[in-house]
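Q: Predicted model follows, preceded by the sequence.
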Amino acid sequence: MADERRLERLTSMLKRRGIILPAFEIYGGVSGLIDYGPVGAAMLRRVTQNWLDHWMSHGDIVEIDSPTITPEAVLVASGHVGEFSDLMTECKACSSVFRADHLVEDEHPNADSLGAQKIDGLLGSGITCPSCQESAWTAAQPMNLMFQTSIGAMSSGRTAYMRPETAQGMFMLFPSLYRHFRQRLPFGAVQTGHGYRNEISPRQGMIRLREFNMAELEYFIDPQDPPVGNISKHNEIITLIPDPDGPHSGESRMSFGAALEAGIVRHPTVAWFLARTWDFLVGVGIDPARIRFRQHASTEMAHYATDCWDCEIHGEHGWVECVGIANRTCHDLENHETHSKARGLRAWRQFATPRKQVVERLAPNGAVIGPTFRNDAAAVVAALEALTELPDSLPFDLSLEDGRSVTINPDMVERREETANVSGEWFTPHVIEPAFGFDRIIWHILDHAYTEGEKEGEDYNHLSLAAGISSIDCVVLPLFDKGGMPELATEINTTINAVPRLRAQLDSSRSIGRRYARADEIGVPWALTVDHTSLEDGSVTVRRRDDQVQVRAFVDEVLEHLRNNSLDSLF
RNA sequence: GCGUUCGUGGUGUAGGGGUAGCACAAGAGGUUUCCAACCUCUUAGCCCGGGUUCAAAUCCCGGCGAGCGCACCA
């Protein structure tokens, strides 16, 4: 960093101006929990809306909303309960903390599955600390990174967790989504909201939080027919850091299309979402030069993913993962199907032309089987229908479902070849998931927008926020707080605020220069000033934040431009 | 979780066993024909708990929080 104090100055400003603040501060605060103040919350709302608009403009993506409290069974199926309950142990000599199963890996083929007592036994048999070579371990304790809670009271309560990701909500709703989209893939669902991870030690301000704003898109596809977005228009040269263990290791710079062609990005749908993620980030004001995509090595992949790209953004805390784009394949839907025994977590794949399937079967002859087996006849018929491999010769021994065996004679069955028309098949869709951490993205928006400068020998700072991301669209300033100017300014302010999604704020205290500075500091892009001329003809001056240039315009005109985000055309 | 530095108005800081100062910001008023001007007035602070002491913001212990290093980060 050019200036190590910049981070402190930025954080102070965020606190002073009500953007980001420590939560519960009057009680001492809680590490990993933050508040968005009046200015920050408006920004969060706008980034969220921007994100929703961005994905829903695709036309095949809808929004859903699920509970944050999630019953245990859901997270057992998804693998989170198992993955989160790592047994941890501490070296009594040097206080280093380790995952217990990793320490005993060499002593047991499946250490991950061991209980605490067995692990303790193995640890006691002479496992030494990798840091200090001592062998003195505390009892292994489960470290659960999910917040546990209980649904219902006392002993009748069911174990539940605060969701560690919003994604499971989309999987729960797959049957409904499939119906909504009239049984046609591909389609997607998004959800924004809070996620919870009980981090051991949250650090770096709002980079690692215990409760955070996430936004996830689950895009359901047919793995045999992956949708290919049009990335030919994306000419940007981007930075890629492919899998260090793969054939393309090292850093490379190329377009999204070239990366897909070169096989660096392995999946066409993933490539499309990488490009669209880029569009979103740049659109909300992230500096394109400080974005890069990093492919996970197979060793660091999440338990549910088979291929994963991080989108990292560079800021005061270095390169930080802000978006994860994972190919989750059929992991979640398949596991939910197994654990819940629910049907409806699959999709139908229609064959281009119906396939003729020749089926050989032994057709039962009821006239013989009935009298011969009497009460067991039905079971025999069922067993014959269930045969997948036909015997080469008759008679043969047929196993019934209850384990008994009967002899089938040639007169009991007739060998037949039947032709069936099969028009399609059921399969479990694959899922491509871009998962966004909004808090981290907002941090980097602020970081990249925070500009420290000088004006007439004094420090002068401002946020160069993208239009539509600033907490408000403009300030309305009466040049003097008298002589009819405040009244006209109030009227203009009311008019602007009456337009849905446009926000203005009145500021009439202290000198005009001070008020411009206040607005600049929180990144308000426009200032409308009411002066004496305004009282005569209704025009105002429009000041542009980024170069402080002013033009005169009429209120109706300004309003129209604010709506269309086209005020720049006046300059 | 371990080690380490630290915690004073909204923000930034000074002080360091005996009356807590300053700057900026904010509010009220005045002045001012467009970029943190000026004048008057005002609001507002020693992170929390315990101990030592006649007396604790100050010293000691614990907690909470922040930064950094180690560990952790599905």
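A: That came through fine.
Q: Which residue would be the closest one in the stretch 401-550 of chain A to RNA strand B?
A: Closest residue of the stretch 401-550 of chain A to RNA strand B, Cβ to the nearest atom of the strand: residue A:513 (2.3 Å). For every residue, glycine as well, the C-beta is placed using N, CA and C.
Q: Which residues does stretch A:258-268 contact?
A: Residues from elsewhere that reach stretch A:258-268 (Cβ atoms under 8 Å, 6 or more residues apart in numbering): A:226-229, A:231, A:238, A:240, A:242, A:248, A:252, A:254, A:256, A:271, A:274, A:295, A:307, A:309, A:327, A:432.
Q: Okay, now the unreliable bits of the stretch 201-350 of chain A?
A: Within the stretch 201-350 of chain A, the segments meeting pLDDT under 70 span A:298-306.
Q: show me where the stretch 201-350 of chain A has strands.
A: With strands called from DSSP state E, counting those that start in this stretch, the stretch 201-350 of chain A shows them at A:211-221, A:238-241, A:252-254, A:291-295, A:307-315, A:318-329, A:347-364.
Q: before we move on, back to that, could you list which of the contacts of stretch A:258-268 also contact RNA strand B?
A: Counting by Cβ under 7 Å from any atom of the strand, the subset of those that neighbours RNA strand B is empty.
Q: and those residues, which are buried?
A: A:226, A:229, A:231, A:238, A:240, A:242, A:248, A:254, A:256, A:271, A:274, A:295, A:307, A:309, A:327, A:432 (16 or more other Cβ atoms under 10 Å).
Q: what's the helix or strand for the spatially most central residue of chain A?
A: The residue lying closest to the centre of chain A (Cα atoms, centre = their mean) is residue A:435, at 1.9 Å. Here residue A:435, judged by DSSP states H and E, is contained in strand A:430-437.
Q: Which secondary structure elements does that strand sit against?
A: helix A:167-172, strand A:211-221, helix A:268-283, strand A:318-329, helix A:331-340 (3 or more Cβ pairs under 8 Å, 6 or more residues apart in numbering; DSSP states H and E).
Q: Swap in 6 Å and give it another go.
A: Applying 3 or more Cβ pairs under 6 Å, 6 or more residues apart in numbering; DSSP states H and E, we find strand A:430-437 packed against strand A:211-221, helix A:268-283, strand A:318-329.
Q: tell me the most buried of the ones you listed?
A: Highest mean neighbour count of these: strand A:211-221, a mean of 23 (counted as mean count of other Cβ atoms under 10 Å).
Q: Residue A:159: neighbour count?
A: Look at residue A:159: counted by other Cβ atoms under 10 Å, it has 14 neighbours.
Q: give me the beta-bridge partners of it?
A: residue A:150 (DSSP bridges).
Q: if we take the buried ones among the contacts of stretch A:258-268, which one ends up nearest to RNA strand B?
A: Using Cβ to the nearest atom of the strand, the shortest approach to RNA strand B within these belongs to residue A:307, at 13.1 Å.
Q: That closest one and residue A:328 touch, don't they?
A: No: taking contacts as Cβ atoms under 6 Å, residue A:307 lies outside contact range of residue A:328: 9.4 Å.
Q: still on that earlier bit, nearest to residue A:351, of the helices and strands packed on strand A:430-437?
A: Taking Cβ to Cβ, strand A:211-221 is the member of the helices and strands packed on strand A:430-437 nearest to residue A:351, at 17.6 Å.
Q: give me the number of residues near residue A:46?
A: The burial count assigned to residue A:46 is 21, neighbours taken as other Cβ under 10 Å.
Q: Residue A:353 too?
A: 8.
Q: go on, residue A:359?
A: Around residue A:359 there are 10 other residues, counting by other Cβ under 10 Å.
Q: What residue, apart from its backbone neighbours, is nearest it spatially?
A: Of all residues not flanking residue A:359 in the chain, residue A:418 sits nearest, at 5.0 Å (Cβ to Cβ, 6 or more residues apart in numbering).
Q: sorry, back to before: other residues contacting the host helix or strand of the residue of the stretch 401-550 of chain A closest to RNA strand B?
A: Using DSSP H and E, residue A:513 sits in helix A:512-521. With contact meaning Cβ atoms under 6 Å, 6 or more residues apart in numbering, helix A:512-521 is reached by A:462, A:475, A:477, A:479, A:507, A:527, A:545.
Q: For the last one, which residues are in contact?
A: By Cβ under 6 Å, 6+ apart, the contact set of residue A:545 is A:520, A:525.
Q: how does it look with 10 Å?
A: By Cβ atoms under 10 Å, 6 or more residues apart in numbering, residue A:545 lies in contact with A:462-465, A:467, A:470, A:474-475, A:516, A:519-520, A:523-527.
Q: Then the fifth one?
A: Residue A:507 makes contact with A:475-478, A:489, A:493, A:514-516, A:518-519, A:524, A:527 under the criterion Cβ under 10 Å, 6+ apart.
Q: Can you name the two of these that sit furthest apart?
A: Maximum pairwise distance among these (Cβ to Cβ): 18.5 Å, between A:493 and A:514.
Q: Before we move on, what's the pLDDT of residue A:508?
A: You'll see residue A:508 listed with a pLDDT of 94.
Q: what about it, neighbour count?
A: Counted with other Cβ under 10 Å, the neighbours of residue A:508 add up to 18.
Q: cool, residue A:522 as well?
A: With other Cβ under 10 Å as criterion, residue A:522 counts 23.
Q: thinking again about what came up before, farthest pair within the contacts of residue A:545?
A: A:467 and A:516 (17.8 Å).
Q: So what does residue A:411 have for phi and psi?
A: Residue A:411 adopts backbone torsions of phi -80, psi -10, taken as degrees, to the nearest 10.
Q: pretty sure it contacts residue A:364?
A: No: in this structure, residue A:411 is not within contact of residue A:364 by Cβ atoms under 10 Å, at 11.2 Å.
Q: More neighbours: the two, which one.
A: Neighbour count, other Cβ under 10 Å: between residue A:411 and residue A:364, residue A:364 has more, with 20 against 13.
Q: Which residues does that one form beta bridges with?
A: Bridge pairing for residue A:364 (DSSP bridges) gives the partners residue A:413.
Q: which ones are touching it?
A: So residue A:364 contacts A:370, A:377, A:380, A:381, A:382, A:383, A:384, A:385, A:408, A:412, A:413, A:414 (Cβ under 10 Å, 6+ apart).
Q: Next, give me the two most distant ones among those.
A: Pairwise distances across the contacts of residue A:364 (Cβ to Cβ) peak at 17.2 Å, for the pair A:382 and A:414.
Q: measure the residue lying farthest from the centre of chain A to RNA strand B for me?
A: The C-alpha centroid of chain A is most remote from residue A:371, which lies 63.7 Å away (Cα atoms, centre = their mean). According to Cβ to the nearest atom of the strand, to the nearest Å, residue A:371 stands 61 Å off from RNA strand B.
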